[in-house]
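Asks: Just the structure for this:
(2 chains)
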Number of protein chains: 2
Amino acid sequence: MAQSSVDNGVNVGALLAAREALKGAPQAAKFKWRASCKWKNGTHSETKLQGFHGLGEEQKHKTEFCFDADHPEIFASEDLGATPIEFVLVGLASCLTAGVAAVAQNRGIQLRSVEAKLEGSMDIQGILGIDSDVRNGYDDIKVTFHIDADASKKDIEAIVAQSQKRSAVYDAITNPTNVTVVVA
Amino acid sequence: MAQSSVDNGVNVGALLAAREALKGAPQAAKFKWRASCKWKNGTHSETKLQGFHGLGEEQKHKTEFCFDADHPEIFASEDLGATPIEFVLVGLASCLTAGVAAVAQNRGIQLRSVEAKLEGSMDIQGILGIDSDVRNGYDDIKVTFHIDADASKKDIEAIVAQSQKRSAVYDAITNPTNVTVVVA
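Replies: Sure thing, here's the model as predicted:
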C-alpha cells in the first residue's frame, strides 16, 4: 500500500515539521487554553471559548464556541444544556478520535469509519454528600472504539494505544492535575 | 434576610429530599453518563449526548446535545470545533458555577451575577512527543470567580469552597480516574 494514497485529512507533515521547530523553541510549546463562564439561572450557565495562547503569541479560534450547561430534570433542573460531567466525556472522545486519525495517517493506514462509545460510572452519593467515602467524579470510564480501516485488528489496536499515549484529555483524566480556585 | 425571598433558581428542597430518599436506596444513586463520538475527517469529530442511566432506570435529556471538536489552524487543522482539551474547562467552569448557585441558595444568599474565567496551562512538547518528561494534559488550571451577591467576601469564598468540595468535574480533574479503552 502506497502511503501517499492514504488520506485521513490529517496534515502529518505539518505536525512533524512543528515538532522539529519546537525542539529548538521550547517556550513556544507553552500553551494556555481559556474559558469564560457566565451563570444564567439555577444550574444553567453558558461557557465561551475563543482566545488562547500558544507559539509565543495570542491566538484565536475562527469563531467563538458557546456551550450551555445545566443539570437534568431528574435533578430538579431545566436540562437546558449538557451536564457538566458529560463535557469530560466529550473531551475524551474527541481527543482519542483525533489521535486515531493522526496516528493512522502517520502509519499510512486509511480509515473508513471511527466511532467511540463512552460510558462513565458515577455514584451521586458523593456529590449529594450522603457518603464521604464515595468520590464526586467518575469511578470508572470505559471507551469502546469501532473502527473500519485498511488494517488488521492488531494494527488498529496499536493505533488506539498510541492515541491514548499522546492524548491530552486521557492524561488529564487518568492523572491528577492541580486546580486553583480563587474569588477575585 | 428572609431565606424564603432568595431565589437563585435552584430547587434546593427537591435536592435535599432526593438526598434523603437515596440514603435508603443507594443503588439508585449509581449513574452512567454516556457519549457517542463519530469521526468526520482529519481531527474533526462530532460527539452526541442524550441517554444516561440513573435512579434505577434509563433516562434521557429533553434534547440531544451535539458537539463538534477539532484542532485549531495552528495545528494544521480546520478549527471546526472546540479543541478537545478545552471541553475539560467547559465542564469544570459549569460544574463549579452550578455548585455556587446551589450552595448560595441553600445558605439563603441571593446571587446577582457569577462569572468564572479559566486558564489551563499545557506544554505541547508532551503531545508532540518531544520530551517524555512533559505530561500531555494540563500542568495547572486556574479558576477565578467574580461574584456579585448579597454576602460578604468571606461568605462568598465559603460558597465557592463548598462548591469545589462537591464538584464532580473538580474531582475528576484533580484526582486520577481509571479509563479503559478497547477496540470492539
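Asks: Please make it C-alpha for all contacts and neighbour counts, starting now.
Replies: OK.
Asks: close to chain B, is the helix or strand of chain A with the lowest mean pLDDT?
Replies: Sorting the helices and strands of chain A by mean pLDDT, DSSP states H and E puts helix A:12-23 at the bottom, at a mean of 92. Yes. Helix A:12-23 comes into contact with chain B (Cα under 8 Å from any Cα of the partner chain), by way of A:14-15, A:19, A:22-23.
Asks: Could you dump those residues into a markdown table with distance to A:Trp39 added?
Replies: Shown next, in a markdown table, are these (distance: Cα to Cα, whole Å):
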| residue | distance to A:Trp39 |
| --- | --- |
| A:Ala14 | 40 |
| A:Leu15 | 38 |
| A:Arg19 | 39 |
| A:Leu22 | 39 |
| A:Lys23 | 41 |
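Asks: Going through those, which ones are buried?
Replies: By neighbour count, with 16 or more other Cα atoms under 10 Å in any protein chain shown, these hold A:15, A:19, A:22 as buried.
Asks: which one is the second one nearest to, not counting chain neighbours?
Replies: Using Cα to Cα, 6 or more residues apart in numbering or on different chains and skipping the chain neighbours, the partner closest in space to A:Arg19 is B:Leu128 (6.1 Å).
Asks: can you list contacts of stretch A:8-19?
Replies: Stretch A:8-19 has contacts (Cα atoms under 8 Å, 6 or more residues apart in numbering or on different chains) with A:101-102, A:104-106, A:110-111, B:41-43, B:75-77, B:125, B:128-130.
Asks: Over to stretch A:44-63?
Replies: Stretch A:44-63 has contacts (Cα under 8 Å, 6+ apart) with A:27-40, A:64-71, A:78, A:80-81, B:72-73, B:79, B:82, B:86, B:90, B:93-94, B:97-98.
Asks: Where helices are concerned, which of those count?
Replies: Cross-referencing the contacts of stretch A:44-63 against helices under DSSP state H gives B:86, B:90, B:93-94, B:97-98.
Asks: Of those residues, which ones also sit close to chain A?
Replies: B:86, B:90, B:93-94, B:97-98.
Asks: what about chain A, any weak spots by pLDDT?
Replies: A:1-4 (pLDDT under 70).
Asks: Okay then, goodbye and thanks.
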